[in-house]
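Undergrad: Quick one, fold the following:
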Amino acid sequence: NLTYALLHTIVKYPVPSVGIDKTPGNIKDKKMGYYYADKDIFESIVKETGTDGKRHPLTFILEAADDIAYKTADIEDAYVKGFISYSLSPDFYERQSGKMSLVVFLASLISFAAALLTDNNLCISVSMFAATACAAAQIAFIYPCAVQLSRSCRRLRQHRVMLSGIKAADEISEANVIVLDSDELFFDDCVNLYKFRTFGDYAPDEAFMTAYALALAGHSPLAGVFGKICATQNCGMYKADSIVYENSMGITGWVNERKTLLGNRMIMESHSIPVPSMEVDRKILQSGKFPVYLAVDNKIAALFIVGYEADRGMLHRMRRLINTGVTVLVRTVDPNVTADLVCDCYGLPSDSVMIMESNASRLYCQKMQTVDSIPARLTAPSAEGFVDAYIESYAISRRNKITSIAVIVLSCIMMALTVIMPAIG
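TA: Numbers count the residues shown, from 1 in each chain. A predicted model of the protein is given here:
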């Protein structure tokens, strides 16, 4: 026996399923509140409550309750994942402040005693004590660390990345290897198709959709270029499974219960599939392009000629990342994506990139399945955000250590001068 007011409150948005309008600024018009089939029921509710197409006042209380519930759930998730505990972990300043406070206090007492013995003047001695304490004021530590973290977090928020604190930045910056997938380096717009050719009676649209299904299931950067061609086709009819990556050759799998291979000449030859002469590959490679063969049911179906280029957004990030001294380990199922290709496209040193072999990739995937048990140091929904988080973490850790050491040294110098100068004078 729900009341009209309660029913109207539950229907948050006074808009039927056919009346959604996403253009206005009012949220009540942007979401569906009820199905058009229930229009008569809703109109009777509006008539009884007298809202005249507006939201019921109790709806705003319900919205606030929803927000509180969601925020509470977010806090719970952050606590369970360890995000809050990392954000509250002591940083370098907090770890050293206790020791430094004792040193400053002892130095102040020594300066007080020295001044009292030298001048036998209590006022001067108290002034010396205060001057020494102020010279090594601990507040000098807090500002540089907090400002650097605040600026970095502000930049990371633009990419929906959250860093849990200085301790997390210190631990992240200690990593010497960063793992990236090849499709995170070569996005859809970074792989270009120049020419293609089908063999036998294999239709071009079928070749593209088969190659797209296999590349998509294997997370290959080639999926993007095939997907553009298949955008108007019914690619959902093509299902790929049992994907296996063969080192430096390509991927095999089953597409619509037909054995399918996608890769270079070597994978075709290893499965005894006839391919065009080596001269064809040589001409393609000399032009700066790469041949990609597709075979179905142990017969060659198509040859695609593709090229790769760096993503502009990742180009600057990758160069900054390598400048930190880290090595990039690339997981790929595309045999054309080699360390040399990545270094050439992104202008990186030849020893800064390595390719993860298939066995290591499987072990890596198994290890990543236990990620839920690892405390959360950061949240990064994309490769760009992850790379930015590492760069910022490295900068935070490095600058904080340098700043903290500089402040400690400066404080010691100031304390020494505070004691020595009056004696000299």
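Undergrad: Which elements pack onto the helix or strand in which Leu315 is found?
TA: Here Leu315, judged by DSSP states H and E, is contained in helix 312-323. Here helix 312-323 touches helix 182-185, strand 327-331, helix 339-346, helix 383-424, going by 3 or more Cβ pairs under 8 Å, 6 or more residues apart in numbering; DSSP states H and E. Where C-beta positions appear, they are placed from N, C-alpha and C, glycine not excepted.
Undergrad: which helices and strands does the first one pack with?
TA: Right, the one you point to is helix 182-185. Using 3+ Cβ pairs under 8 Å, 6+ apart, helix 182-185 sits against helix 312-323, strand 327-331.
Undergrad: same thing but at 10 Å, please
TA: The contact analysis (3 or more Cβ pairs under 10 Å, 6 or more residues apart in numbering; DSSP states H and E) places helix 182-185 against helix 222-229, helix 312-323, strand 327-331, helix 339-346, helix 383-424.
Undergrad: circling back to that earlier point, which of the helices and strands packed on helix 312-323 is buried the deepest?
TA: Highest mean neighbour count among those (mean count of other Cβ atoms under 10 Å): helix 182-185, with a mean of 23.
Undergrad: What lies in contact with it?
TA: Residues outside helix 182-185 that contact it (Cβ atoms under 10 Å, 6 or more residues apart in numbering): 190-191, 215-216, 218-224, 308, 310-311, 314, 318, 328, 330-334, 336-338, 341-342, 345-346, 353, 355-356, 382-384, 386-387.
Undergrad: for that helix, the distance to its chain's centre please.
TA: 13 Å (Cα atoms, centre = their mean, to the nearest Å).
Undergrad: same question, stretch 217-227
TA: Relative to its chain's centre, stretch 217-227 lies at 20 Å (Cα atoms, centre = their mean).
Undergrad: any idea of the mean pLDDT for it?
TA: Stretch 217-227 shows a mean pLDDT of 84.
Undergrad: From one end of that stretch to the other, what's the distance?
TA: Start and end residues of stretch 217-227 are separated by 12 Å (Cα to Cα, to the nearest Å).
Undergrad: again with stretch 260-267
TA: Taking Cα to Cα as the criterion, the two ends of stretch 260-267 lie 11 Å apart.
Undergrad: pLDDT on that stretch, on average?
TA: Mean predicted lDDT for stretch 260-267 stands at 90.
Undergrad: try stretch 119-134
TA: Average pLDDT, stretch 119-134: 67.
Undergrad: now swap in stretch 54-62 and tell me
TA: Rounded mean pLDDT across stretch 54-62 is 87.
Undergrad: What are the contacting residues of that stretch?
TA: 4-14, 26-28, 33, 45-46, 49-51, 63.
Undergrad: Name the residues of it that are buried.
TA: Neighbour-count burial for stretch 54-62 flags Arg55, His56, Thr59 (criterion: 16 or more other Cβ atoms under 10 Å).
Undergrad: For Ile110, state which of those residues is nearest.
TA: Nearest to Ile110, judged by Cβ to Cβ, of the buried residues of stretch 54-62 is Thr59 at 68.7 Å.
Undergrad: re the thing from before, narrow the buried residues of stretch 54-62 to those in helices?
TA: Thr59 (DSSP state H).
Undergrad: Chain neighbours aside, what residue packs nearest to Lys30?
TA: Distances taken as Cβ to Cβ, 6 or more residues apart in numbering put Lys22 closest to Lys30, at 5.1 Å, once the chain neighbours are dropped.
Undergrad: Spit out the contact partners of the residue of the chain positioned farthest from its centre.
TA: Distance from the C-alpha centroid of the chain peaks at Asn120, with 64.3 Å (Cα atoms, centre = their mean). With contacts defined as Cβ under 10 Å, 6+ apart, Asn120 has no neighbours.
Undergrad: do you know how far it is from Ala113?
TA: Distance of Asn120 to Ala113, computed by Cβ to Cβ, to the nearest Å: 12 Å.
Undergrad: show me the contacts for the residue nearest to Lys30.
TA: By Cβ under 10 Å, 6+ apart, the neighbours of Lys22 are Asp29, Lys30, Lys31.
Undergrad: Throw these into JSON lines and include distance to Leu156, secondary structure and pLDDT, thanks.
TA: Below are the contacts of Lys22 laid out as JSON lines (distance: Cβ to Cβ, whole Å; DSSP: H, G, I helix; E, B strand; the rest coil; pLDDT from 0 to 100):
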{"residue": "Asp29", "distance to Leu156": "34", "secondary structure": "helix", "pLDDT": "75"}
{"residue": "Lys30", "distance to Leu156": "29", "secondary structure": "coil", "pLDDT": "77"}
{"residue": "Lys31", "distance to Leu156": "30", "secondary structure": "coil", "pLDDT": "82"}
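Undergrad: so which of the residues you listed is the most crowded?
TA: Taking other Cβ atoms under 10 Å as the neighbour criterion, Asp29 ranks highest of the contacts of Lys22 with 16 neighbours.
Undergrad: Check the spacing between the closest residue to that residue other than its chain neighbours and Lys12 real quick.
TA: Spatial nearest neighbour of Asp29, excluding adjacent residues (Cβ to Cβ, 6+ apart): Asp21 at 4.7 Å. Separation of Asp21 from Lys12 (Cβ to Cβ): 16 Å.
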